[in-house]
Structures are given as C-alpha cells and as structure tokens.
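**Q** Give me a model of this one.
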Amino acid sequence: MLSIFRTWWPLLAGVLSIQLGNGLLSTALGLRSDAAGFSAAEIALVMSGLYAGQVVASILGARFIARVGHVAAYVCFAGLAIAGPLSVLIATEPFTWTVSRFVFGFGLAGIFLVVESWLNDKSSNAMRGRVFAVYILVQLAGLMVAQSFVPLLADNLPLSMFIVAGFGVAAIVPVALDRIERPGRHPYVRASFRALIEASPVGVVGAVVSGFVWAVAMAMSPIYAQRAGFDPEGIALFVMALVLGGILLQLPIGWISDLRDRRIVLAGMAGLAALAAAVGAGAHGVDATVTVAAIALFGGLTFPFYTVAVAHVNDRIAPEHRLPASGAMILLFGIGSVLGPIAASAAMDAFGPRGFFLLLAAVTAALALYASYRIVIARPSPA
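**A** Model (predicted):
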C-alpha cells in the first residue's frame, strides 16, 4: 500500500483536496438552503445540480481530455471546481445555486475522469484493485473529514465558499508541478456500451448498482435514522458507521480482488451485503446496536463495488479504450445515483422506515444472483 501512495501521491492529494471541498460544499449549501427558506422542491433542485453536472461531464469529458491531455484537462476541470462555489455568492436564490452546483459537479466529475483513466492506464491488472481501493479510500476520507469544518463554517457562507475554492486551488498544485509519469495519448474513441457489456457484463451492472446503493445509503441513511427514532447523536453515529465501514474494508477487498476472479469477489460482497441489510431490517425498532452494526457492515461490503467493477472492466479492454470507458463507468454510476433515492423514497413510503433496508437487501441480492449466473455460464477469459 505504501508503494501505491508513493507512486500516486500527487493524484491522491488532489482527489483528497477536491473531496474536502465537495463535502463542505454539499453540507453547507444544504443547511443554508433550508435557512434561506427554500422550498423542498427548490432544495432538491439545488442539490441535484451536482449530479446533472457530473452526468454531462461524463459524456463530454473524455473527448476534451483526448484533445488537450490529462494535465491540462485536470487544471481546467479544477478551475470549474473553483468557480462554481464562488458563484454561489452572486445571489441567494435557487437558480443561481443550482447553476453553481452544476458547474462544480462538472468540474468534479472531470477530475474523477482524468484521475481514473490515468490510474487505469498506468496500473497493471495485478495491482488495479488495490490502486482503486486506495483511490476510493482517499475520497471517503475527504468526505468524512470535511464534516468537521461544518460546525465552524456553516453559518458563514462567504467564508465557506472561499475555503471550498481554496481546496480547488490546492488540488491543482501537486498534479501540475509533480513529474508523475503521464498516461499515453490516444486518439479519441467514442464509448461503446455494447463493447463494455461484451467485455464485462458484471462490471457494467456492478457500476450501476454501486451508484444506486451509494446514493441510497448516503442520501437516505439520515432520513431512515430520524424516522427510526434515533436522536441527533444517534443519527450521526449511524451515518458515521456507514462511512467508516466503507473505509475499513476498501483495501482488504481491493487486495482480494487482485488475487481472485473479480466476479466471484463481487458476488460474495453482494451476497453478504444482502444478508447484512436483511439483519438491519429485522433489527429495526428492536435493537439499535444491531442496526448500526448492520449498516457499518453493509457500507464496508458495498462501497468497494465500484472499485471491483471498474477494475474488472479495465482488465478486459485495450489501453486506447480506457479513457472513454472511464467516462462511461462514471455515467453508469451517475444513472444509478439518480435512481437510488427515488426508489428508496418509494420503498420507505410503502414499508415504513424498514423499507430502507429491504430495498438495499433486494438490490444487492439481485447483483449477487446475476454475478453468480455469469460465473456459471461464462468461464473467466484471459485479460
């Protein structure tokens, strides 16, 4: 693991910095939108701006990177991540804040696209799972640490936005100045979802499910905890357990996926996650400690979904296809992220708070069954 940090520290430092800004921006704007008297629909519009920007960037970003190169594209995307938060200060109204979130989301996804295609281009199949596990670990750490700034800055919107912009500036420095080995330049190739599915159907489905589960867990877990009767400290503990589980199991699962058929690893993760969610559903309203333990285990088993799915896809495609494939995988993750909270809201309306865990159990069980089916009908092919 130390060798991964030594090799990739400029990119990892940049990702950590931009995720510190992302975590602070999302929480601060959510709180200030409510304090400003925005309606529920207006708050939803503001918060959805980020995901809309990410989807557009995943479609357009690969062509831009192929044209100007990874470093120049990274700097441009970081510039958008700096400008977005500052534009919040133009006016306190939903449209301006939605556009600001869109710009930031476009820059954020562009940075992810640069970094992920860079890591895939320069990582061997034997190490790709561990490299991506460290990458996701750094992202989670940034999001979690960012929350420590919120109590100090949430009431001071201008200062919060300037600090978010400062994190964007800090994200540029290590990548622009370090002499890390650049990825190969390849002519732009349009992403083909058919080719991705043919190369790794489990990886494609895993990316969608990863986005779905991530969005449900991160967006709806505070709502579940509140409806389940947790006090404010309990709600914070519930969400923290979810993220902490994801942090603790990233590296072990990434390491295992480098040693075994990644489809088997993904099937095992999904099956155990379904069991953890079922335990959470059973413990709902009965034992809060078991419920918290269940969400921690669920986060640990599902947050690495994207790591394993991306690694499996990139094991089986040519180097010149990795840049558009990164954009396609981010888009698939985004599609799942959009669908997740909608489905979770419907499940919780139909089954009460317990529907949160029931939905997670059903989706992860379906992924486990699909991955197992693919293992049975298709032997692993050479990378």
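
**Q** Check whether F356 really touches P222, as I assumed.
**A** No: F356 sits out of contact with P222 when judged by CB atoms under 8 Å, with a separation of 10.7 Å. No exception for glycine: its C-beta is placed from N, CA and C like everyone else's.

**Q** quick one, which of the two is more surrounded?
**A** The neighbour count for F356 versus P222, taken as other CB atoms under 10 Å, is higher for F356 (28 against 15).

**Q** For that one, list the residues it contacts.
**A** 216, 220-221, 223-224, 344, 347-348 (CB atoms under 8 Å, 6 or more residues apart in numbering).

**Q** and what of G254?
**A** 129-134, 304, 307-308, 311.

**Q** Secondary structure element for it, which one?
**A** Assigned by DSSP states H and E, G254 belongs to helix 232-259.

**Q** and that helix, what's its mean pLDDT?
**A** Per-residue pLDDT values over helix 232-259 give a mean of 85.

**Q** Could you list the buried residues of that helix?
**A** 234-235, 237-247, 249-251, 253-254, 256-258 (16 or more other CB atoms under 10 Å).

**Q** where does the stretch 1-150 of the chain have low pLDDT?
**A** 1, 34, 40-41, 44, 150 (pLDDT under 70).

**Q** which is the next helix or strand following the host helix or strand of T307?
**A** Counting by DSSP H and E, the element that carries T307 is helix 305-315. Under the assignment DSSP H and E, the closest C-terminal helix or strand after helix 305-315 is helix 322-351.

**Q** Taking helix 305-315 as reference, get the angle to that next one.
**A** In terms of direction (axes from the mean of the first three to the mean of the last three CA atoms, to 10 degrees), helix 322-351 departs from helix 305-315 by 150 degrees.

**Q** In the protein, spot the helix with the most residues.
**A** Across the chain, the helix with the greatest residue count (assigned by DSSP state H) is helix 2-35.

**Q** for that one, packing partners?
**A** helix 40-68, helix 70-87, helix 94-122, helix 128-146, helix 150-153, helix 157-177 (3 or more CB pairs under 8 Å, 6 or more residues apart in numbering; DSSP states H and E).

**Q** how about a markdown table for these, with distance to L275 added?
**A** As requested, the helices and strands packed on helix 2-35 are arranged in a markdown table below (distance: least, CB to CB, whole Å):
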| stretch | distance to L275 |
| --- | --- |
| helix 40-68 | 30 |
| helix 70-87 | 39 |
| helix 94-122 | 30 |
| helix 128-146 | 22 |
| helix 150-153 | 34 |
| helix 157-177 | 38 |
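
**Q** mind checking which of those is nearest I197?
**A** Closest of those to I197 is helix 40-68, at 17.0 Å (criterion: CB to CB).

**Q** wait, what's in contact with the spatially closest residue to R182 that is not a sequence neighbour?
**A** Using CB to CB, 6 or more residues apart in numbering and skipping the chain neighbours, the partner closest in space to R182 is H70 (6.4 Å). Going by CB under 8 Å, 6+ apart, H70 touches 114, 117-118, 182-183.

**Q** Out of those residues, flag the one nearest to R194.
**A** Among the contacts of H70, and counting by CB to CB, the member closest to R194 is S117, at 20.1 Å.

**Q** Was I right to think the closest one contacts P319?
**A** No: with contact defined as CB under 8 Å, S117 does not count as touching P319 (10.0 Å).

**Q** if we can go back for a sec, for the helices and strands packed on helix 2-35, which one ends up most surrounded?
**A** helix 94-122 (a mean of 24; mean count of other CB atoms under 10 Å).

**Q** got the contact list for G211?
**A** Contacts of G211 (CB under 8 Å, 6+ apart): 306, 332-337, 340.

**Q** Recalculate using a threshold of 7 Å.
**A** Applying CB atoms under 7 Å, 6 or more residues apart in numbering to G211 gives the contacts 332-337, 340.

**Q** same question, A281
**A** 354, 357-358, 361.

**Q** helix or strand right after the helix or strand where it lies?
**A** Assigned by DSSP H and E, A281 falls within helix 262-283. Next in sequence after helix 262-283, counting helices and strands by DSSP H and E, comes helix 288-302.

**Q** check which helix or strand covers A371.
**A** helix 354-377.

**Q** what comes up buried for that helix?
**A** 354-361, 363-365, 367-368, 370-372, 374-375.

**Q** what mean pLDDT does that helix have?
**A** Mean predicted confidence for helix 354-377 is 94.

**Q** how big is the angle separating it from helix 322-351?
**A** Using the same axes, to 10 degrees: helix 354-377 against helix 322-351 is 140 degrees.

**Q** contacting residues for G142?
**A** So, once contact is read as CB under 7 Å, 6+ apart, G142 ends up touching 16, 19-20, 23.

**Q** What spatial separation is found between it and V286?
**A** 35 Å (CB to CB, to the nearest Å).

**Q** And for A378?
**A** 42 Å.

**Q** who has more neighbours, these two?
**A** A378 (11 against 8).

**Q** Give me the distance between stretch 301-318 and the centre of its chain.
**A** 13 Å (CA atoms, centre = their mean, to the nearest Å).
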